[in-house]
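1. predicted model follows, preceded by the sequence.
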Amino acid sequence: YRLGHLGFQHIRFLARSGRLPVKNPKLLANCDKVMCAACQFGKASRRPTKTGTHRKDPHKEMELKKNDLFPGQRVSVDHFQSALPGRLYTSRGGTDAKDKFHGGCIFVDHASGYIQVRHQVSLSAEDTLKAKLMYERDAANAGVKIKAYHTDNGVFASKDFMSQLLEDNQQMHLGGPGTAHQNGVAERGIQTVVKMARTMLIHAAMRSPQGTITAELWPVAIDHAVWIYNRIPRMDSGLTPVELYGRSSFLPVQEILSTCHTWGCPTYVLEPKLQKGGSKIPKWSPRSRRGVFMGFSRLHSTLVGLILNLNTHSISPQFHVVCDDMFTSVVSNQEEVVPKIWTSLLMTPAARLQVKLDQDADVELSDEWLTPEESLKREQARRQAIESQARQRGPHPQTESHPPLSVPEGASPPVAVPSDQGPTIPISEEPVAD
């Protein structure tokens, strides 16, 4: 469940290679395949009739990726579309349907198999160019320069897209009209990612209370599916697409796979004093801290989880959460009921998603995760801090009055010197009346 419902053969490979920590790898190698209801719903396909034979031509095997040996040498691009609008990360579920995601653009690197998805409100040339620029910006951060694209016609053959390619000195390889197989690398990437995302959505919806997991969360599920795919070692090389893409094998794969959690599982945001350390966990009710795990944040360098707040429907990063990967605490729908599994769940180290912080780091929960009483206390503390700062500053100093200057007989009156601190003040022998 944690690895996006990965195939059982691939899981056995990870256990044999030591990338996936298991208690008994031999037992896993000899056991029967486990039947998963979500996989049957999300990955079902038509059974072969076995009435015909098909032989693969070895000369055409991997023809689209032939001679693409370096990351960025050629990248396959294609659009995918969804009839159901997907919610935005920044919205709280109240966005108009026209402003939601209606599809996206997928980028698949030929040499490494690295996948990146950029969601789009529309599949226009303008939004596609924005997706291309964001992809190339992330590629530059990884030390990869995109030299050529492989795609089909449509928006990618538009004048604006071609002009941008000429400006960036990049090549374009187009497939024939109506020949989706000529862009098979991107089509296969869409199939793999969408199948994983659909299975995770169904798995979470089957085990969550009604209305918690909705189909409009498909953009978040796709992003997490891509995150998992890029960090799972391949069976042919033993390296992950991220390692091949960045040409570095220093990725802590075992640590990442061990800390990965089931998408859509119940999560519980811990108390602020627990985040600072040194305090025990009290038996507090999960009604005001309960959320849903939505994957990991792109904007943070460590494994910071994105949590869906069930009250405000906002998705925000949280530093310390407790994840129930097996959905054992979803029975706690009533506010007065504390699940029996709750104490053991909190004390399980593998269920905690934690980020290493400095000892003097002052981490606080967002206002939306506080109870009404805690929100009132925080607001009062803020007001007291503002009033204390105002008292420390004191009243504004008043301008002191000075006696008029007397000019000796026969001397010229003084002239005011201009200053940058304020306007010029004339000085006369007599005080100026109000």
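-> Received it, and whenever you're ready, just let me know what you need. Residues are numbered from 1 along each chain as shown.

2. what distance do you get for residue 307 to residue 269?
-> Residue 307 sits 7 Å away from residue 269, going by C-beta to C-beta, to the nearest Å. Placement of C-beta: from N, CA and C, glycine included.

3. higher neighbour count, those two?
-> residue 307 (27 against 24; other C-beta atoms under 10 Å).

4. spell out the secondary structure type for the more buried one.
-> Following DSSP: H, G, I helix; E, B strand; the rest coil, the label given to residue 307 is strand.

5. which other helices and strands does the biggest strand by length in the chain contact?
-> Counting by DSSP state E, the longest strand found in the chain is strand 75-86. Based on contacts counted as 3 or more C-beta pairs under 8 Å, 6 or more residues apart in numbering; DSSP states H and E, the elements that strand 75-86 packs against are strand 101-109, strand 148-151, helix 184-207, helix 218-230.

6. tell me the buried residues in the longest one?
-> Going back to what we said before, that points to helix 184-207. Of all the residues in helix 184-207, those buried under the rule 16 or more other C-beta atoms under 10 Å are 184-187, 189-190, 192-205, 207.

7. what's the angle from that helix to helix 218-230?
-> Here the directions of helix 184-207 and helix 218-230 differ by 120 degrees (axes from the mean of the first three to the mean of the last three C-alpha atoms, to 10 degrees).

8. for residue 81, which non-adjacent residue is spatially closest?
-> If the residues on either side of it in the chain are set aside, residue 81 comes closest to residue 103, at 4.0 Å by C-beta to C-beta, 6 or more residues apart in numbering.

9. my error: substitute residue 139 in the last question.
-> Nearest to residue 139 is residue 146, by C-beta to C-beta, 6+ apart, at 5.8 Å.

10. any chance of the helices and strands packed on strand 75-86 in TSV, with mean pLDDT too?
-> Listed next are the helices and strands packed on strand 75-86 as TSV, based on pLDDT from 0 to 100:
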stretch	mean pLDDT
strand 101-109	94
strand 148-151	92
helix 184-207	90
helix 218-230	94
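
11. of those, which approaches residue 172 most closely?
-> Comparison of those against residue 172 by C-beta to C-beta identifies strand 148-151 as nearest, at 5.4 Å.

12. which residues of this structure score low on pLDDT?
-> Low-confidence segments of the chain (pLDDT under 70): 49-62, 270-288, 301-302, 330-365, 368, 395-434.

13. which residues in it form strands?
-> 75-86, 101-109, 115-120, 148-151, 171-174, 266-269, 290-296, 305-309, 315-318, 321-323, 352-353.

14. look up how far residue 119 lies from the residue lying closest to residue 41 once chain neighbours are set aside.
-> Spatial nearest neighbour of residue 41, chain neighbours left out: residue 202 (4.9 Å); criterion: C-beta to C-beta, 6+ apart. Residue 202 sits 20 Å away from residue 119, taking C-beta to C-beta as the criterion.

15. next up, the contacts around the most centrally placed residue in the chain.
-> The centre of the chain sits closest to residue 297, judged by C-alpha atoms, centre = their mean, with a distance of 3.2 Å. Listed by C-beta atoms under 8 Å, 6 or more residues apart in numbering, the contact partners of residue 297 are 304-306, 317.

16. one more time with 6 Å
-> Residue 297 sits next to 304, 306, 317 when contact means C-beta atoms under 6 Å, 6 or more residues apart in numbering.

17. pipe the residues you listed into a markdown table and attach distance to residue 179 per row.
-> Putting these into a markdown table (distance: C-beta to C-beta, whole Å) gives the following:
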| residue | distance to residue 179 |
| --- | --- |
| 304 | 42 |
| 306 | 38 |
| 317 | 43 |
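
18. next, the buried residues of stretch 94-102.
-> For stretch 94-102, by 16+ other C-beta under 10 Å, it's 95, 100-102.

19. put the alpha carbons of it into CSV.
-> C-alpha atoms of stretch 94-102 as CSV (Å, rounded to 0.1, in the frame of the first residue of the first chain):
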residue,chain,number,x,y,z
GLY,A,94,-14.7,26.2,-3.5
THR,A,95,-13.0,27.0,-6.8
ASP,A,96,-15.2,27.3,-9.9
ALA,A,97,-15.0,24.3,-12.3
LYS,A,98,-13.5,26.4,-15.0
ASP,A,99,-10.5,27.4,-12.8
LYS,A,100,-9.7,23.8,-11.7
PHE,A,101,-7.3,21.4,-13.4
HIS,A,102,-8.6,19.7,-16.5
